[in-house]
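Enquirer: Just need the structure, nothing else, for what follows:
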Amino acid sequence: MTIENLVKRIQDIMRQDAGVDGDAQRISQLVWLLFLKVYDAKEEEWEFMDDNYESIIPEELKWRSWAPDNKDGKALTGGALLDFVNNRLFPILKDLEVDEYTPQRAAIVKTVFEDAYNYMRDGVLLRQIINILNEVDFNDYQERHAFNDVYETFLKSLQSAGSSGEFYTSRVLTDFIIEMLDPRIGEVVADYAAGTGGFLTSALEHLRLKEETPEDRETINTSIVGIEKKGLPYMLAMTNLILHDIDEPGIKRGNSLADNVREVSDKNKVDVFAMNPPYGGVEGPGIQANFPNDMQTKETADLFIATMMYHLKKNGRAGVILPDGFLFGTDGAKVNIKKKLLKEFNLHTIVRLPAGVFAPYTSIKTNILFFENKGATEKIDFYEIPLPDGLKNGFTKTRPFMKKHIEGAQEWFLHRENGDENAYSATIEEIEKRNFNIDIRNPLNIKDEEVYTLDELMEELNEKALEIESLLEELSSVLKGDK
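Expert: Residues are numbered from 1 along each chain as shown. Purely as a prediction, here's the structure:
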């Protein structure tokens, strides 16, 4: 089995089905199938370890009961398979009885299927996809973990289904942020805009390198928490963590902005935040009311920064990806949020990402902000990741942002005393004079006007067109929100 071949075979089959329209539906269709197969493999493990284990899924609805094809002509296919899926599997799993006493690893089945749908109309094509998934043996530890790479490929395809990286942040960025935050065993690591769980799985893998005892493993497995608002990325995140051997993923379905920040208790605070909140979104008056008057704004990303500040423990650490707009914005609420961030927290580092990091799905420039709950900011260290030779206008789909492009920032982050031409600083006094505009560029990188060839001009115009398109999408979102 090769990753590319398996993904391509499934995608090619789904494109033949008249009921599946677009990447979002293809991914959603695949995820509920994948979840059931992965969950069935985990149940076999639980049954082996506990003779008294009881499944929340009726026996005839378990993957092992209806999905295998033994090549004896008895496997469900065509109209019979569609009838089973649409009229038995989905109605029963959506209506499972769950209460406060239901173990979380059982309750997640109902939660996942509450927003799942079978889009496929051709039962023969559906059978073909099921047979491909059955080629992966999730009971085999090595093969299950090899499938993580396949799953990563699935998640990448979400970039064309979401907007502005809403569902997926590249492994390069999640690993970098987690490594710089360096969570320790016993600390709670959270992502309140969890998406597909990229930050959480990066944190999980980072922490498992530190474990020494079975108790460490149990502590790690219960210290990864997240909240996700939308059904599709929630399903992806749950499956992602199960694939990473988390039996009871600590991800809740809901809007993390719906809680009143004035009422956050110490028990609800976390040690480490790693996030890429959705930007370009808008929130209504009911959500805004959960924040102090001077911080109320419709901009989703700004409210997430406020949420992080109220939920971060003393001495806690955070790394968050934000667009340039947060840095240079000077409207009242945005400035007030930045004032709180700088006056009460230590915003010690901003890594400025080059253009095209999220190409081709958005051209909005972004930054990684690192801050800690250890007192006020005195100065901010900036690191501006340079574009490699030959990419004057930014990364592209064919030449994407890769691990090697962030290695300089990582080396500098850990050894700042050595200096770097891409690094510079600004004091809090300088920032206050700028009315808290922290959109500060490296003075060494300010160049004289450059002479472009015709090809270079055309490339830049194309990049500008993508940027305008992205801004129009943001404007459309704002107008839909009646801003």
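
Enquirer: hey, let's count contacts and neighbours off CA atoms from now on
Expert: Fine.

Enquirer: downstream neighbour of the lowest-mean-pLDDT helix or strand in the chain in the secondary structure list?
Expert: Of all the helices and strands that make up the chain, helix 141-156 has the lowest average by mean pLDDT, DSSP states H and E, namely a mean of 61. Moving toward the C-terminus from helix 141-156, the next helix or strand (DSSP states H and E) is helix 171-181.

Enquirer: buried residues in that following helix?
Expert: Within helix 171-181, the residues scored as buried using 16 or more other C-alpha atoms under 10 Å are Arg171, Leu173, Thr174, Asp175, Phe176, Ile177, Ile178, Leu181.

Enquirer: Need the phi and psi values for the closest residue to the fourth one other than its chain neighbours.
Expert: Right, the one you point to is Asp175. Using C-alpha to C-alpha, 6 or more residues apart in numbering and skipping residues adjacent in sequence, the residue nearest Asp175 is Ser202, 5.5 Å away. As for Ser202, its main-chain torsions (degrees, to the nearest 10) stand at phi -60, psi -40.

Enquirer: Contact partners for the residue lying closest to Asn134 once chain neighbours are set aside?
Expert: Excluding its sequence neighbours, the residue lying closest to Asn134 (C-alpha to C-alpha, 6+ apart) is Pro68, at 6.9 Å. By C-alpha atoms under 8 Å, 6 or more residues apart in numbering, the contact set of Pro68 is Ala75, Ile130, Asn131, Asn134.

Enquirer: how about JSON lines for the residues you listed, with pLDDT added?
Expert: Listed next are these as JSON lines, based on pLDDT from 0 to 100:
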{"residue": "Ala75", "pLDDT": "95"}
{"residue": "Ile130", "pLDDT": "96"}
{"residue": "Asn131", "pLDDT": "95"}
{"residue": "Asn134", "pLDDT": "92"}
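
Enquirer: Most neighbours among the residues you listed, which one?
Expert: Within the contacts of Pro68, neighbour counts (other C-alpha atoms under 10 Å) peak at Ile130, which reaches 20 neighbours.

Enquirer: wouldn't that one be in contact with Ala67 here?
Expert: Yes: the criterion here is C-alpha atoms under 8 Å, and Ile130 meets it with Ala67 at 6.6 Å.

Enquirer: overlap in contacts of these two?
Expert: Joint contacts of Ile130 and Ala67 (C-alpha under 8 Å, 6+ apart) do not exist.

Enquirer: Quick check: which ranges of the protein have low pLDDT?
Expert: 1-4, 139-168, 360-361, 446-464, 466-467, 469-471, 473-483 (pLDDT under 70).

Enquirer: quick check: longest strand of it.
Expert: strand 312-323 (DSSP state E).

Enquirer: any chance you could map the helices in the stretch 201-350 of the chain?
Expert: 214-221, 231-243, 285-288, 300-311, 324-328, 332-344 (DSSP state H, counting those that start in this stretch).

Enquirer: hey, which of those helices is tucked in deepest?
Expert: Most buried of these, by mean neighbour count (mean count of other C-alpha atoms under 10 Å): helix 231-243, with a mean of 24.

Enquirer: ok now do Gly419, which residues does it touch?
Expert: Trp412.

Enquirer: Roughly how far does it sit from Ile368?
Expert: According to C-alpha to C-alpha, to the nearest Å, Gly419 and Ile368 sit 19 Å apart.

Enquirer: centroid residue for the chain?
Expert: The chain has Gly195 as the residue nearest its centroid, 3.6 Å off, counting by C-alpha atoms, centre = their mean.

Enquirer: Now do the strands in this protein.
Expert: 189-191, 224-228, 250-253, 270-275, 312-323, 346-352, 366-372, 379-384, 423-427.

Enquirer: Pop the domain breakdown of the protein in here.
Expert: 3-140, 162-480 (automatic domain parsing).

Enquirer: deepest of the ones you listed, which one?
Expert: For these, the highest mean count by mean count of other C-alpha under 10 Å goes to domain 162-480, at a mean of 18.

Enquirer: Give me the distance from that domain to the chain's centre.
Expert: Relative to its chain's centre, domain 162-480 lies at 11 Å (C-alpha atoms, centre = their mean, to the nearest Å).

Enquirer: Ok, stretch 59-78 next?
Expert: For stretch 59-78, the distance to the chain centre is 34 Å (C-alpha atoms, centre = their mean).

Enquirer: Now the terminal residues of that stretch, how far apart.
Expert: 22 Å.

Enquirer: oh, and call the first residue 39 from now on, that's how I've got it
Expert: Taking 39 as the first residue, the last one we looked at is stretch 97-116.

Enquirer: Could you say which one of the strands of the chain comes nearest to Val299?
Expert: strand 350-361 (11.3 Å; C-alpha to C-alpha).

Enquirer: got the angle between that closest one and helix 338-349?
Expert: 170 degrees (axes from the mean of the first three to the mean of the last three C-alpha atoms, to 10 degrees).

Enquirer: what about the helices in the stretch 389-521 of the chain?
Expert: Under DSSP H, counting those that start in this stretch, the stretch 389-521 of the chain gives helices at 445-452, 466-471, 492-518.

Enquirer: Done for today, thanks.
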